[in-house]
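Undergrad: Could you look at this predicted model? Sequence included:
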Amino acid sequence: MKAGKIRPMRIGPWTLPNNVLVAPMAGVTDRPFRQLCKRLGAGHAVSEMAASNPRLWDSVKTSRRLNHDGEIAPVAVQIAGADPAMMAEAAAFNAARGARIIDINMGCPVKKVCNLASGSALLRDEDLVARILDAVVAACAPLGVPVTLKTRTGWDREHRNALRVARRAQEAGIAALALHGRTRADLYTGTAEYDTIRAVKAELSIPVIANGDIDSPQKARRVLDYTGADAVMIGRAAQGRPWIFREIDHYLRTGDTLAPPSLEEMRDLLLEHLDDHYRFYGEHTGVRSARKHIGWYIDGLPGADAFRDRMNLIDSTRDQWRAVSEWFDELMRGGPASTATVAQPLLAA
């Protein structure tokens with residue numbers, strides 16, 4: 001397939017290396033995961049959402065989310081909340097801690113966020129949306145920090161207001177808009193639609209990023225062609241598959257499909273990820289929070305279910321790391337399956 005023309009994307013003063021971005025995901029896009037995705041071809045990554053409430057800034061969870069040591073520039077931090085003044089304060093606070101791009105969360109659909117009238121719940125109150133946008137941009141402009149917005153198509157399918165919100169965002173000075181092709185009521189069910197993204201892109205002059213159900217290089221190409229979006233944002237499809245960014249980037253640039261990673265490369269990437277993950281979280285939290293990542297990496301491989309059950313019984317990082325290494329070594333020796341038999345499912349993962 002012939003490669004389409006991809007324009008370099010800018011967010012304020014930053015020109016991104018490519019147009020394939022990591023979606024911010026709570027409990028997933030921590031610093032170790034973002035760093036790995038960037039190294040494997042992601043052009044940009046936004047942090048997990050950080051609370052705008054100052055009383056939470058000293059908590060262990062928030063402190064980890066605000067740790068950007070050694071992160072590849074530009075550091076982008078997502079903030080969530082429903083109070084314009086508090087959101088502005090949080091933006092300035094994170095800029096002082098090293099954030100070079102601030103992202104506003106108006107897309108998270110989970111109850112614990114929406115019950116606080118933040119995330120995608122804000123879409124029910126367009127006046128409040130406007131006040132938050134104005135306040136955060138005003139706080140960041142003197143610092144030279146651009147502001148981006150992540151949102152959904154509306155509160156529910158009868159109230160899709162993404163186009164009005166997008167116009168207001170551009171008027172407020174938002175530098176780029178990421179739009180998930182679902183409403184809040186859809187959560188993550190059903191199929192993402194791209195008509196709304198296409199309509200928003202046709203109206204705006206700022207970059208628009210398409211998000212939702214983009215899980216292959218070919219799907220990324222189709223979504224870009226249909227919507228006219230400036231970039232794609234990958235979320236759940238990157239869980240356990242961080243190499244998807246290089247696959248999509250390569251396909252968009254050349255029209256050629258990269259070969260899937262070998263078992264040896266998968267093992268090495270996972271072990272590298274675990275090393276960084278353990279250093280970041282420490283022994284107690286590290287071994288437990290790594291289990292979901294391990295499960296995602298091995299999903300679909302022979303013997304994965306039984307090995308996942310074993311993982312839940314291991315409570316030391318040293319034993320967990322060694323078990324992963326030995327399990328992959330056994331696969332490569334032709335134990336549960338040969339390299340040839342497991343390579344094909346990865347193409348369609």
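TA: Received it, and whenever you're ready, just let me know what you need.

Undergrad: For the longest helix along the chain, name the packing helices and strands.
TA: For the chain, the longest helix by residue count, based on DSSP state H, is helix 263-281. Under the contact criterion of 3 or more C-beta pairs under 8 Å, 6 or more residues apart in numbering; DSSP states H and E, helix 263-281 touches helix 31-39, helix 283-298, helix 317-332, helix 339-347. All C-beta spots, glycine's among them, are computed from the backbone N, C-alpha and C.

Undergrad: so which of these is the most packed in?
TA: helix 31-39 (a mean of 21; mean count of other C-beta atoms under 10 Å).

Undergrad: picking that back up, so which bits of the longest helix of the chain are buried?
TA: For helix 263-281, burial by neighbour count (16 or more other C-beta atoms under 10 Å) applies to Leu263, Met266, Arg267, Leu269, Leu270, His273, Leu274, Asp276, His277, Tyr278, Phe280, Tyr281.

Undergrad: still on that earlier bit, which of the helices and strands packed on helix 263-281 sits closest to Gly173?
TA: Among those, the nearest to Gly173 by C-beta to C-beta is helix 31-39 (25.6 Å).

Undergrad: could you check the angle helix 31-39 makes with whichever helix or strand comes after the closest one?
TA: Counting by DSSP states H and E, the next helix or strand C-terminal to helix 31-39 is strand 44-51. Interaxial angle, strand 44-51 versus helix 31-39 (axes from the mean of the first three to the mean of the last three C-alpha atoms, to 10 degrees): 160 degrees.

Undergrad: Hmm, Val22 and Ala42 touching each other?
TA: Yes - using C-beta atoms under 8 Å, Ala42 makes contact with Val22 at a distance of 4.8 Å.

Undergrad: So for the two, which residues contact both of them?
TA: Residues within reach of Ala42 and of Val22 at once, by C-beta atoms under 8 Å, 6 or more residues apart in numbering, are Arg34, Ile234, Phe245.

Undergrad: Nearest to Ala138 among those residues?
TA: Nearest to Ala138 among the shared contacts of Ala42 and Val22, with distances taken as C-beta to C-beta, is Arg34, at 27.6 Å.

Undergrad: Pull the contacting residues for the closest one.
TA: Going by C-beta under 8 Å, 6+ apart, Arg34 touches Val22, Ala42, Ala45, Ser47, Glu71.

Undergrad: give me that answer again for 10 Å
TA: 22, 24, 28, 42, 44-48, 68, 71-72, 75-76, 242 (C-beta atoms under 10 Å, 6 or more residues apart in numbering).
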